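1. pasting the sequence and the predicted model now:
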Amino acid sequence: MEIEMGLGLNGGATDLMMHTASDKKDEDDSNNNNNKQQAKTNLQKTQNEHNGEEEDDEYEEDFGPKPTELPAKVEGVVKLFCQVREGWEEEMEGVGELSNTPDYPFVVRSGAASRTFKLKDCANFSANGLALTWVDSDQVNYAITFENSSSQQEFINVIGQEHTVSSVPNEQSDDEPIESLDLPGFSIANMETYKDFSDELLASRTQLLQVQTIVARSELSKQLSQFSNHVLVNIEQFFDTFEKIDDMDVEKWLHVYHNMALLVCFSCDDNVIVQCITEERIDLFIGMFEHSPEHGHTEHREHLENDTHLVEIVPMKNDALKFQIKQVYYLNYLKDVALAGVIDDYLPLFLDQAIAPISESVLETLFSDHEYVQAILSVNHDDSEKRIKKQVKFLIEVFSSAGFSFTATSKMKILAETGMYDLIALCLKSEDSVVRRDVASAILKAIDLNCEYVQLLMKNGWNLLAVLSQAIIRETNIGTTALLIGCLRLVLVFEEKDDFAVKSKLETDFFSTEACFSSIVGLFWKSPEEMKNSRLLREKLLHVFELVAEWIPVHDHHIRRIIMRKNLLRQFTHVTKANSSVLNLGLVRCFLKIIKFKNELIISTIVKQDCLRPVLGVFEKNKNRNNMINSSFLNLINFIAVENNARLRDYLVENFRPLLSSISNHDCGDKLLLRYEQRLDDSVTEEQPLTQSNKFDRYNVQEGLSATEENYFNEDDNESEPAPSTEVEWTPSSNKLPPPLVDYEEDEDEDEDEDLLSGASALNSAKKPKVTFSFTSKFG
């Protein structure tokens, strides 16, 4: 402790004196430590020999590194790129598999698609970062990027048996010193040099965006790193020179500083960014982006100083916390405004990574003072709308913060204990639509963080599900309604890791409580006139249709009970009285999704309650129209016919046979009738679906030749043509003869041909065979 204080307070002379006085003591201590280490090593060797273990160091000293047996196959998640004139173009993303066989086949699979390369025939393998490039036998450049370095190394080890994989120079590692640039210090006299350097580097970057090569990208990255290191070393000169030029208002040199500030950002060097956003430099750094050579002058600093201010619900006394909030805001402003339109792959992510630790620090400081958080969230029904708006903005900022998700559960607990629930309930009842929209957005962001539901949803009997349900019923804005529906959807989406007891309680509370699901579906009892005239009500009903269709597979037990006991589907059909095409379409689609779930209890309820009668009534009014209602209904009938569900099949045919027979623009009605006729045929089972493989049978080539065709090809061409036959062939489905193969000139026998045609038509209609085949759907 005394040495550290001496080093800190007295500087180099004391440091030298203390080292000189303690040289001999340090040498003795070093000898003692070496002896102890040697004894420890000897003891370890003795134990290894006793256990039969070999020493790796001795093995490598005598025989070299131990050989490693390569696997027969290596695989990993990769992205495949092909180099075209415009640059690297991504072909596919999937699993790459390299076999350790003589041809070294490399296959990239993505679903049903795949690409195969024989890497033995390829050349010029090189590795850069997580990328591996090569030139195939057709002289085309390919590259793959790996998910991690271990996968890349496994691929290189296998390929290295056949090819030499060169390593392209990449960004400098932490241990490798960065080469210094041959640039003078920052001063007004040297601005011409920096102008030439920045223009050349930005031009190289622009060219690289058009034609990308890994070598050029690596070289540019190296130059940017060198420049950022040069700025870091001369950081004081960098800002002092800008301050002088800014006071002089020399437009030419201000353009140079704008370009140099861009290079600093493109380098993505967090050490430089940290130095640029200190309390003394952050305004100057933002000012460097005011004079763009392409877009002219922009008063960023004036806007930030005059048009923005810190919103405080309760005055904040911590100046350091205020500055951290300023840093977060300025970095977001830099990313979204000052650098808007700048194209860079990594820069937005880099700035977000720079913001995240500052945001986390702000939240840690903020939530460490529970009394301050409670003062922020405290509500009073007499509070002004201005204060409530500030409180909602606070919740949005907290839930949107990059640092909130790191320790969301603990912070959520603090919010729950300091008045968040009362604030949410009050804001959802506000008369201001902006307040309701913002609080709905805040809830959606909080739920989307996937933190523990218990702290957010239940505290002292407070139930977010009931609050959301009542807010949906009261809401008068379509956009806010969609946000609230999104909250409800996210809350009731569970993962396997979620606690079963919590899931069960949430489901029971929502589907069994009158204030939740029952109150929402009560919207279907509104008058038909209100449904037809109110767009807001129609939107709410469409959302309910979608939710029920989504929840049936997930909450089967609860939905099935409501459908069977409370006539939910019959209640849905009430919308047909409004004569609204939008609601009718939503109703048909909802029934289609419900029936596709194939729950026999639900299907039995549909048949028992005659729920499809209003749906078919809608179709009867639209069957001659080529619209989405007609298409959705045909899809519904076709699905029932293909799946051959006995209950639905018999119900539809026995009650709506004339309507099904009248369907002329699709064969689904005929298919369903055919299924009904085949129900007593033992050779056709109810579970046997109609096959779709004969969709294009009329284009298939028949195997073999008919007797007439066989005689035609066996006849001698020199023989005289026989007299035309009076026998006529016709098809059961047509009353017309097929057109002749050759058109002859009109002759006197034309009347006889017409008599023959009329006789064939009469015979066809009299002896029309019974049709026992089915037509396939033109929709597949």
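-> That came through fine.
2. and the pLDDT at residue 23?
-> pLDDT recorded at residue 23 is 41.
3. tally of neighbours for residue 514?
-> By other CB atoms under 10 Å, the residues close to residue 514 number 10. For the C-beta atoms, the positions are set from N, CA and C on the backbone; glycine is no exception.
4. where does this protein have its least confident helix or strand?
-> helix 2-10 (a mean of 29; mean pLDDT, DSSP states H and E).
5. show me the contacts for the residue nearest to residue 230 when sequence neighbours are not counted.
-> Sequence neighbours aside, residue 181 is the residue nearest to residue 230 in space, at 5.1 Å (criterion: CB to CB, 6 or more residues apart in numbering). Contacts for residue 181 were tallied using CB atoms under 8 Å, 6 or more residues apart in numbering; they are 223, 226, 227, 230.
6. so where do the helices sit in the stretch 151-300 of the chain?
-> Listed in chain order, the helices of the stretch 151-300 of the chain (DSSP state H, counting those that start in this stretch) span residues 191-210, 214-233, 235-248, 251-267, 270-276, 282-287, 300-306.
7. so which of those comes closest to residue 118?
-> Closest to residue 118 of the helices of the stretch 151-300 of the chain is helix 214-233 (CB to CB; 22.2 Å).
8. what residues of that closest one count as buried?
-> For helix 214-233, the neighbour count (16 or more other CB atoms under 10 Å) marks 214, 217-218, 220-232 as buried.
9. quick check: closest non-adjacent residue to the most centrally placed residue in the chain.
-> Among the residues of the chain, the one closest to the centroid is residue 448, at 13.6 Å (CA atoms, centre = their mean). Among residues not flanking residue 448 along the chain, residue 490 sits closest, at 6.4 Å (CB to CB, 6+ apart).
10. distance of that neighbour from residue 558?
-> From residue 490 over to residue 558 the distance is 18 Å, taken as CB to CB, to the nearest Å.
11. between those two, which is the more surrounded one?
-> residue 558 (17 against 14).
12. from what I can see the more buried one touches residue 509, true?
-> No - contact criterion CB atoms under 8 Å: residue 558 and residue 509 do not qualify, at 10.6 Å.
13. wouldn't residue 204 be in contact with residue 220 here?
-> Yes - in this structure residue 204 lies within contact range of residue 220 using CB under 8 Å: 5.8 Å.
14. checking residue 311 next. Helix, strand or coil?
-> coil (DSSP: H, G, I helix; E, B strand; the rest coil).
15. contacting residues for it?
-> Residue 311 makes contacts with 390, 393, as judged by CB under 8 Å, 6+ apart.
16. then residue 605?
-> 563, 564, 569, 611.
17. tell me which element it is part of?
-> Per DSSP states H and E, residue 605 falls inside helix 600-608.
18. now residue 126
-> Assessed by DSSP H and E, residue 126 sits inside strand 123-128.
19. what does residue 387 give?
-> Short version, using DSSP H and E: residue 387 is in helix 385-400.
20. which helices and strands sit right next to that helix?
-> helix 370-377, helix 420-428, helix 433-447 (3 or more CB pairs under 8 Å, 6 or more residues apart in numbering; DSSP states H and E).
21. tabulate the CA atom coordinates of the following helix or strand past it in CSV.
-> Next helix or strand after helix 385-400 toward the C-terminus (DSSP H and E): helix 408-417. Taking C-alpha atoms only, helix 408-417 is exported to CSV below (Å, rounded to 0.1, in the frame of the first residue of the first chain):
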residue,chain,number,x,y,z
ALA,A,408,-34.6,-7.2,-17.4
THR,A,409,-36.1,-9.4,-14.7
SER,A,410,-34.6,-7.4,-11.8
LYS,A,411,-35.5,-4.1,-13.3
MET,A,412,-39.0,-5.3,-14.1
LYS,A,413,-39.4,-6.3,-10.5
ILE,A,414,-38.4,-2.8,-9.4
LEU,A,415,-40.9,-1.2,-11.9
ALA,A,416,-43.7,-3.5,-10.6
GLU,A,417,-43.0,-2.6,-7.0
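22. mind giving me the packing neighbours of helix 408-417?
-> Packing contacts for helix 408-417, counted by 3+ CB pairs under 8 Å, 6+ apart, involve helix 347-367, helix 370-377, helix 453-457.
23. point out the most buried one among those helices.
-> helix 453-457 (a mean of 20; mean count of other CB atoms under 10 Å).
24. avg pLDDT for it?
-> Averaged across helix 453-457, the pLDDT comes to 52.
25. look at stretch 640-650 and report the distance between its end residues.
-> In stretch 640-650, first residue to last residue: 11 Å (CA to CA, to the nearest Å).
26. got any ranges where the stretch 301-450 of the chain has weak pLDDT?
-> Scanning the stretch 301-450 of the chain for pLDDT under 70 picks out the ranges 345, 381-383, 402-409, 449-450.
27. output the below-cut-off pLDDT ranges for the stretch 451-600 of the chain.
-> For the stretch 451-600 of the chain (pLDDT under 70), the answer is 451-462, 495-499.
28. ok, 80 please
-> Along the stretch 451-600 of the chain, the model assigns pLDDT under 80 to residues 451-463, 493-506, 556, 564-565.
29. those helices in it, which residues are they?
-> Assigned by DSSP H, counting those that start in this stretch, the stretch 451-600 of the chain shows helices spanning 453-457, 464-474, 478-491, 500-512, 519-521, 528-533, 535-554, 556-566, 568-572, 581-596, 600-608.
30. could those go into TSV alongside distance to residue 104?
-> TSV is the format used below for the helices of the stretch 451-600 of the chain (distance: least, CB to CB, whole Å):
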stretch	distance to residue 104
helix 453-457	51
helix 464-474	57
helix 478-491	47
helix 500-512	50
helix 519-521	61
helix 528-533	67
helix 535-554	45
helix 556-566	51
helix 568-572	60
helix 581-596	47
helix 600-608	55
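31. of those, which approaches residue 332 most closely?
-> Comparing the helices of the stretch 451-600 of the chain by CB to CB, helix 478-491 comes nearest, at 22.5 Å.
32. and the closest one, how far out from the chain middle?
-> 19 Å (CA atoms, centre = their mean, to the nearest Å).
33. one more: stretch 412-432?
-> The chain centre lies 30 Å from the centre of stretch 412-432; the measure is CA atoms, centre = their mean.
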